[in-house]
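Asks: only geometry, no sequence info:
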């Protein structure tokens, strides 16, 4: 199973280069199924076009529009492969048996029935599947899987077809210790656990999307993240480190940054049982996902406290609207909204058994004059919120502080990370 991102099929020459790689894989004796993204920035361009037509595009019609991007890629790639004398067949998500729920824009895969793909493979053809899309049986509508949906398509097909490996091709040489566009000295990671990759993806690392990593972990799919611009070994995403090859797990595997979150502070909340539940039940009804939560110590004089939480910027407005509508019932004083924050995370399986990681992180940021506004942790991750305009500097500083810098600058072949 192979997946090619938008930067790998950005133009005709790129498509021909990818076609050559696919044909070489087939001639080496492998059955090949390929999931492909839309060319370059096609999806963003289609979104812009939709919003030029109407401020709020209809969700069903938006999915119909956006799925055309992958259909263009799959057809052109199949044509390029056929021109090399090898049989190839392209399929939309629905033709490939990607059955989803009915939620437009962020559908979930509920079943994969790749009957036509198996038939094509049995007949010796290379199979090209449009990523990012599926089909809902009840509504009979086309759906999209949300950002990173082509990764999820590839992993789901790899699981259903029992593929030996799912190769995720991008414009960088694998998973790096930080975004190489921000941290020039980031180094490629040879092996990372699925647990670490989940944390990195959730923290903002763009090379793999969290839903794809979750699906791979749940269904036992081995991932190999590598560049479509060379034949170098990439990064293997495995269940656990091989104890025979590695004496110890790395303390810090990588650093990630995320500028897509905003912070909402509910000011002057009565510090009595049930108020936090009231607030987050309101948030839950909007469908928004909460990341970090901090509640201040109650002021003795007033009996009031402040509750801050972070969420995706795209979900901020609807959450603010919902909270304002319930202000009288909850009894808080005011709301504050801040979309100029950045989240910095350090991830490493070895943090479970290593002391002093938090102190080292906070000291590095302090020495650089970077203030920390919120803190969140898991067993193998520490995340902090800083000002958005200091995030990139913070990533570079922390990367150096934990000894992650490589000797040479990382190479980015395309420029988007996908």
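Replies: Perfect, thanks for sending it. Model, not experiment: these values are computed from the prediction.
Asks: what about the nearest residue to residue 201 once chain neighbours are set aside, neighbour count?
Replies: Distance criterion CB to CB, 6 or more residues apart in numbering; nearest residue to residue 201, sequence neighbours excluded, is residue 210 at 4.0 Å. Quick note: C-beta positions are derived from backbone N, CA and C, even for glycine. Residue 210: 18 surrounding residues under other CB atoms under 10 Å.
Asks: and if you look at residue 368?
Replies: 14.
Asks: Show the contacting residues for the closest residue to it other than its chain neighbours.
Replies: With sequence-adjacent residues excluded and distances taken as CB to CB, 6+ apart, residue 368 is closest to residue 397, at 4.9 Å. Neighbouring residues of residue 397 by CB atoms under 8 Å, 6 or more residues apart in numbering: 364, 365, 368, 370.
Asks: what about residue 397, helix or strand, and which?
Replies: Take DSSP states H and E as the rule and residue 397 turns out to sit in helix 391-401.
Asks: Residue 152 reaches residue 216, doesn't it?
Replies: No - Residue 152 is beyond contact range of residue 216, at 9.4 Å (criterion: CB atoms under 8 Å).
Asks: So which elements touch the helix or strand encompassing residue 63?
Replies: Assigned by DSSP H and E, residue 63 belongs to helix 59-82. Under the contact criterion of 3 or more CB pairs under 8 Å, 6 or more residues apart in numbering; DSSP states H and E, helix 59-82 touches helix 12-27, strand 33-36, helix 42-53, strand 88-91, strand 126-130, strand 133-135, strand 142-144.
Asks: and the gap between the residue lying farthest from the centre of the chain and residue 271?
Replies: Relative to the centre of the chain, and counting by CA atoms, centre = their mean, the farthest-placed residue is residue 301 at 44.8 Å. According to CB to CB, to the nearest Å, residue 301 stands 12 Å off from residue 271.
Asks: And for residue 107?
Replies: From residue 107 to residue 271 the distance is 41 Å (CB to CB).
Asks: who has more neighbours, the two?
Replies: The neighbour count for residue 107 versus residue 271, taken as other CB under 10 Å, is higher for residue 107 (27 against 18).
Asks: Do I have it right that the more buried one meets residue 135?
Replies: No - using CB under 8 Å, residue 107 makes no contact with residue 135, being 9.3 Å away.
Asks: wait, isn't residue 67 in contact with residue 93?
Replies: Yes - Residue 67 is within contact range of residue 93, at 7.3 Å (criterion: CB under 8 Å).
Asks: Now for the two: what residues contact both?
Replies: Common neighbours of residue 67 and residue 93 (CB under 8 Å, 6+ apart) are 130, 132, 133, 142.
Asks: which one is the first one nearest to, not counting chain neighbours?
Replies: Read it as residue 130. Here the residue nearest residue 130, using CB to CB, 6+ apart, is residue 70, at 3.7 Å.
Asks: Provide a list of residues in contact with the one you found.
Replies: Contacts of residue 70 (CB under 8 Å, 6+ apart): 36, 37, 38, 92, 93, 130, 131, 132, 133, 150.
Asks: Could you pull out the strands in the stretch 251-400 of the chain for me?
Replies: For the stretch 251-400 of the chain, the strands defined by DSSP state E, counting those that start in this stretch occupy 254-258, 261-270, 290-295, 304-312, 334-338, 341-347, 374-378, 381-387.
Asks: Ok, which of those strands comes nearest residue 193?
Replies: strand 341-347 (10.1 Å; CB to CB).
Asks: on contacts alone, who are the packing partners of that closest one?
Replies: Judged by 3+ CB pairs under 8 Å, 6+ apart, strand 341-347 is in contact with helix 194-202, strand 254-258, strand 261-270, strand 381-387, helix 391-401.
Asks: now it against strand 254-258, angle please.
Replies: 160 degrees (axes from the mean of the first three to the mean of the last three CA atoms, to 10 degrees).
Asks: Residues touching strand 341-347, excluding its own?
Replies: With CB under 8 Å, 6+ apart, strand 341-347 has contacts from 196, 199-200, 203-204, 252-259, 261-263, 291-292, 310, 357, 361, 373, 380-391, 394-395, 398, 402.
Asks: Show me what counts as buried in stretch 339-356.
Replies: Across stretch 339-356, burial judged by 16 or more other CB atoms under 10 Å covers 341, 342, 343, 344, 345, 346, 347, 348, 349, 350, 351.
Asks: What separation do you get for the fifth one and residue 253?
Replies: Read that as residue 345. In terms of CB to CB, residue 345 sits 11 Å off from residue 253.
Asks: Identify the contacts common to the two.
Replies: The contact lists of residue 345 and residue 253 share residue 200, where a contact means CB under 8 Å, 6+ apart.
Asks: May I see the buried residues of stretch 152-166?
Replies: Here stretch 152-166 shows 152, 153, 154, 155, 156, 157, 158, 159, 160, 161, 163, 166 as buried, counting by 16+ other CB under 10 Å.
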